[in-house]
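Participant: got a sequence here, can you build the structure:
(chains A and B)
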Amino acid sequence: EPEVTQTPSHQVTQMGQEVILRCVPISNHLYFYWYRQILGQKVEFLVSFYNNEISEKSEIFDDQFSVERPDGSNFTLKIRSTKLEDSAMYFCATPRGTRVDNEQFFGPGTRLTVL
Amino acid sequence: RKEVEQDPGPFNVPEGATVAFNCTYSNSASQSFFWYRQDCRKEPKLLMSVYSSGNEDGRFTAQLNRASQYISLLIRDSKLSDSATYLCVVNKGTGGFKTIFGAGTRLFVKA
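Facilitator: Numbering: from 1, shown residues only, chains lettered A, B, ... in the order given. This is a model prediction of the structure:
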């Protein structure tokens, strides 16, 4: 199974601070997704990113969120001013192969705790 | 109506039992369908894709009924290690850029 890595595994931050979550997906893949999962709730789609552009985003993905591909391999999710309700697991994922609607492989997630 | 709806369970079954999970989706334009499993505080892991012709992988069988917008997962001969949350996942629309998860069905297999 292809590997998707995420860093950090756990991030603790104060409310109002900026956080950057990092993902290294399957090598050279053009598509990736970000999801979040609040403890005890379902996995929620945040944004999909293709070839350095946002493809689609959910209503959760407001102006506080941004995604970037700062270099050829890393993808980042930035939350500008964290709120208590941003506390959740954040997963990145990429699809197998070249089709965007193929099954996705998920990273292990970053647990974000906002105090 | 929720975009992807599942019975939350929990299902409590003995080892060796057969258990079936159902899922409905609301967007008739959805193109691809999957079952994932998620262990506590872990990432979702692909269990199997779901095709119109059905899909079987060992003890697991998935079915898709596009007319009824219904997906099912059958687990035969349940093992203790099957205890997890099973997530029904739908790629919305033809572009496949948005993926919707059901809330999951919790399964406990007991000895």
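
Participant: quick one: buried residues of stretch B:35-44?
Facilitator: B:35-38, B:43-44 (16 or more other Cβ atoms under 10 Å in any protein chain shown). To be clear about C-beta, it is placed using only N, CA and C from the backbone, and glycine gets the same treatment.

Participant: spit out the contact partners of B:P10.
Facilitator: B:105-108 (Cβ atoms under 8 Å, 6 or more residues apart in numbering or on different chains).

Participant: need the residues of chain A near chain B, please.
Facilitator: With the criterion set to Cβ under 8 Å from any Cβ of the partner chain, chain A comes near chain B through A:33, A:35, A:41-45, A:48, A:50, A:55-56, A:58, A:89, A:91, A:99-109.

Participant: please, a PyMOL command that selects the buried ones among these?
Facilitator: Buried members of the residues of chain A next to chain B, defined by 16+ other Cβ under 10 Å, are picked up in PyMOL with:
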select buried, chain A and resi 33+35+42+43+44+45+48+50+55+56+58+89+91+100+101+102+103+104+105+106+107+108+109
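
Participant: among the residues of chain A next to chain B, which are in strands?
Facilitator: Taking DSSP state E as the definition of strands, the residues of chain A next to chain B contribute A:33, A:35, A:44-45, A:48, A:50, A:55-56, A:89, A:91, A:104-106.

Participant: farthest pair within the buried residues of stretch B:35-44?
Facilitator: Spanning the widest gap among the buried residues of stretch B:35-44 are B:W35 and B:E43, at 14.9 Å by Cβ to Cβ.

Participant: can you list the weak-confidence ranges in chain A?
Facilitator: Scanning chain A with the threshold set as pLDDT under 70 gives A:1-2, A:27-28.
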